[in-house]
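S.K.: Fold the following and give me the result.
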Amino acid sequence: MKKSIYIILLATAFYTVSCNKFLDIVPKTQVPQDQQFDTEQGFKDALTGVYINLKNESTYGKELSFATIENLVSSWDVTNNTVEQQLGLYNFSDSKVIDKFNLIFSQQYKTIAHINAILQQIDLKKSVLKTAGIYEIIKGECLGLRAFIHLDLMRLYGPMPQNHAIGNELAYVTEFGRNINAHISYESYKAQLLNDIKQAEELIKSVDPMLNYSMADIRNPNGYGSAFKPDDDFIAYRNMRMNYYAIKALEARANLWYGDNDKAYLAAKEIIEARNEKNAPKFQLAGGVEYTASNFMLTTEQIFGLYAYDMAKTYTNYFGNGLYRKGTSATTITNQLYGNTGTDFREATLWNLITMTNGSKYNVIKKYLTNENNVTVSTDYKQIPLLRTSEMYLILAETAPFNEGLDYFKQFRLSRNIGSTAIPQDKSGLLSEIIKEYRKEFYAEGQAFYTYKRLNVPKIQVLFAPSAALINYLLPMPTVESSN
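M.R.: Next comes the predicted model:
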């Protein structure tokens, strides 16, 4: 049997962290692993360490949000002979491209190892978890996060769903240690991933405050007017944890990837139909209010996101200086990306045409632009989106019967102020429009490549693809993995 050694360079220490009112989490001490799980606080600190790992620039802090994954679909202007250009050309044999994918691969499995270290101990030391529901929350979040990362490993390095006999087999790692992990079949990997999701749902559903409070309350725990007043800060800010509805959203995304459209539909529908006490929708699409308030990350519709206290630095280092840019004229964005609607909120507010000191002009996206001064809970937008309500509407538009799917698609477009544009007349036309919306909606969030790969989108539909590019959705296995 083919086997592989995963380079999961996990240090034998976990982070003890503290959270301020805005979840500004920073490591402050280190605890040896053999003592980490002797207390409930040790388990909490270890799980918080997982979320810190998720924000690493090698993955969701950069490469899998706005950098490498977006360069694969030529979201940014590039310089000749750079790694960014080679990514857009799908030159996977380039040494710098290999290094990029090695980095992502190693960090993802490192985070999985961190998760597995917690899961390895949680049943053995369940007795130290004294707070009601804390066992279910910690274990459920770990299983959900393990599935989340494994799905992205499959979506990036695995085969295309339409023909999964061609492409890499991967290991679904469920044990902590420097052990050898066997590559398993596409179907076996799928079964383990969906089993993790199922277990996570079952554990969290009975204890997650997300089911009992509005999203406004969840985002403002213990705040003025909020009904959500947790005694334990660890239970606060459920929108920035792998909560119950995030697990359902992951279930929808995973089943869509694997072609189980009926299951994807049911999971996404549960989220959209979730209601608060007064029968108001729990999850609503953002609209003009958010864009006018410069909430470009649309935090109000994030089902799960990561708090990034240094997002202003991210904008300065990568966008404000024109490093990540697209086009030298506003028409590149207004015409090519958004179709020059004249009404689309994203078209009107999401980009700046900036002038550099040398006189050059560039289009720069404002998603990572945040206000650092006089920030309150309701105006703190420093959050990296991982699962959003808009994605659930697009999943429903794709998986529902045509007329119902069209209705979900209309609702989504109305929220972006483009309701007056032409309506698709059949399923294929609808799917074509959905593909365009993934490109527009998730720019600099890393989702367009996965959509193109899942649907095997031809080059003519890959917006901004270079003329010299030979589209190839099948990445080679990273060279950091040793095989025998």
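
S.K.: Looking at this structure, which helix is longest?
M.R.: When the chain is parsed with DSSP state H, its longest helix is helix 95-122.

S.K.: May I have the helix or strand just after that helix exported as CSV, CA atoms only?
M.R.: Per DSSP states H and E, helix 95-122 leads on to helix 134-157 as the next helix or strand towards the C-terminus. Taking Å, rounded to 0.1, in the frame of the first residue of the first chain, the C-alpha atoms of helix 134-157 are listed here in CSV:
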residue,chain,number,x,y,z
ILE,A,134,-17.6,22.3,27.3
TYR,A,135,-16.6,18.7,26.4
GLU,A,136,-19.1,18.7,23.5
ILE,A,137,-18.0,22.2,22.3
ILE,A,138,-14.3,21.5,22.3
LYS,A,139,-14.6,18.0,20.7
GLY,A,140,-17.2,19.2,18.3
GLU,A,141,-15.1,22.2,17.2
CYS,A,142,-12.0,20.0,16.8
LEU,A,143,-13.9,17.5,14.6
GLY,A,144,-15.4,20.3,12.5
LEU,A,145,-12.1,22.1,12.1
ARG,A,146,-10.4,18.8,11.1
ALA,A,147,-13.0,18.2,8.4
PHE,A,148,-12.7,21.9,7.2
ILE,A,149,-9.0,21.6,6.7
HIS,A,150,-9.1,18.2,5.1
LEU,A,151,-11.8,19.4,2.7
ASP,A,152,-9.5,22.3,1.5
LEU,A,153,-6.6,19.8,1.2
MET,A,154,-8.8,17.7,-1.1
ARG,A,155,-10.1,20.7,-3.0
LEU,A,156,-6.6,22.0,-3.6
TYR,A,157,-4.4,18.9,-4.0
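
S.K.: same for helix 134-157, what does it pack against?
M.R.: When contacts are defined as 3 or more Cβ pairs under 8 Å, 6 or more residues apart in numbering; DSSP states H and E, helix 134-157 sits against helix 40-54, helix 95-122, helix 186-204, helix 244-257, helix 448-455. Backbone N, C-alpha and C define where each C-beta goes, glycine included.

S.K.: First-to-last residue distance for stretch 66-85?
M.R.: One end of stretch 66-85 to the other measures 15 Å (Cα to Cα, to the nearest Å).

S.K.: buried ones in it?
M.R.: Counting neighbours by 16 or more other Cβ atoms under 10 Å, one finds that the buried residues in stretch 66-85 are 66-78, 83-85.

S.K.: quick one: that stretch to chain centroid distance?
M.R.: 19 Å (Cα atoms, centre = their mean, to the nearest Å).

S.K.: same deal with stretch 189-202?
M.R.: The answer for stretch 189-202 is 18 Å, by Cα atoms, centre = their mean.

S.K.: Please list the residues outside it that contact it.
M.R.: Here stretch 189-202 makes contact (Cβ atoms under 8 Å, 6 or more residues apart in numbering) with 140-141, 143-144, 146-147, 150-151, 154, 158, 169-170, 172, 174, 184, 242, 244, 247-248, 250-251, 254-255, 258.

S.K.: Likewise for stretch 411-424?
M.R.: The contact list for stretch 411-424, computed with Cβ under 8 Å, 6+ apart, reads 285-288, 339, 341, 343-346, 390, 393-394, 397, 406, 409-410, 430, 432-433, 437, 441.

S.K.: rewinding a little: other SSEs contacting the longest helix of the chain?
M.R.: helix 40-54, helix 68-71, helix 83-88, helix 134-157.

S.K.: Just give the nearest non-adjacent residue to Ala216, would you?
M.R.: Of all residues not flanking Ala216 in the chain, Ser226 sits nearest, at 7.4 Å (Cβ to Cβ, 6 or more residues apart in numbering).

S.K.: Quick check: the one you found vs Gly359, distance?
M.R.: 49 Å (Cβ to Cβ, to the nearest Å).

S.K.: Just want to know which of the two has more residues nearby.
M.R.: Between Ser226 and Gly359, counting by other Cβ atoms under 10 Å, Ser226 is the more crowded of the two (16 against 6).

S.K.: any idea how far Gln86 is from Asn374?
M.R.: From Asn374 to Gln86 the distance is 43 Å (Cβ to Cβ).

S.K.: Which one's more surrounded, those two?
M.R.: Under the criterion of other Cβ under 10 Å, the comparison of Asn374 against Gln86 puts Gln86 first, with 20 against 6.

S.K.: and the more buried one, what is it in contact with?
M.R.: For Gln86, the contacting residues are 94, 96-97, by Cβ under 8 Å, 6+ apart.

S.K.: Scan these and report the most crowded one.
M.R.: Highest neighbour count within those, by other Cβ under 10 Å: Val97, with 23 neighbours.

S.K.: Distance-wise, check the closest residue to it other than its chain neighbours relative to Ile365.
M.R.: The shortest distance from Val97 to any non-neighbouring residue, by Cβ to Cβ, 6+ apart, is to Gln86 (5.1 Å). For Gln86, the distance to Ile365 (Cβ to Cβ) stands at 22 Å.

S.K.: Asn279 too?
M.R.: Distance from Asn279 to Ile365, by Cβ to Cβ: 37 Å.

S.K.: Could you do Met242 as well?
M.R.: 27 Å.

S.K.: Who has more neighbours out of the two?
M.R.: Met242 (29 against 22).

S.K.: Show which residues not belonging to stretch 221-231 make contact with it.
M.R.: Contacts of stretch 221-231 (Cβ under 8 Å, 6+ apart): 209, 213-214, 216-218, 220, 233, 236-237, 377.
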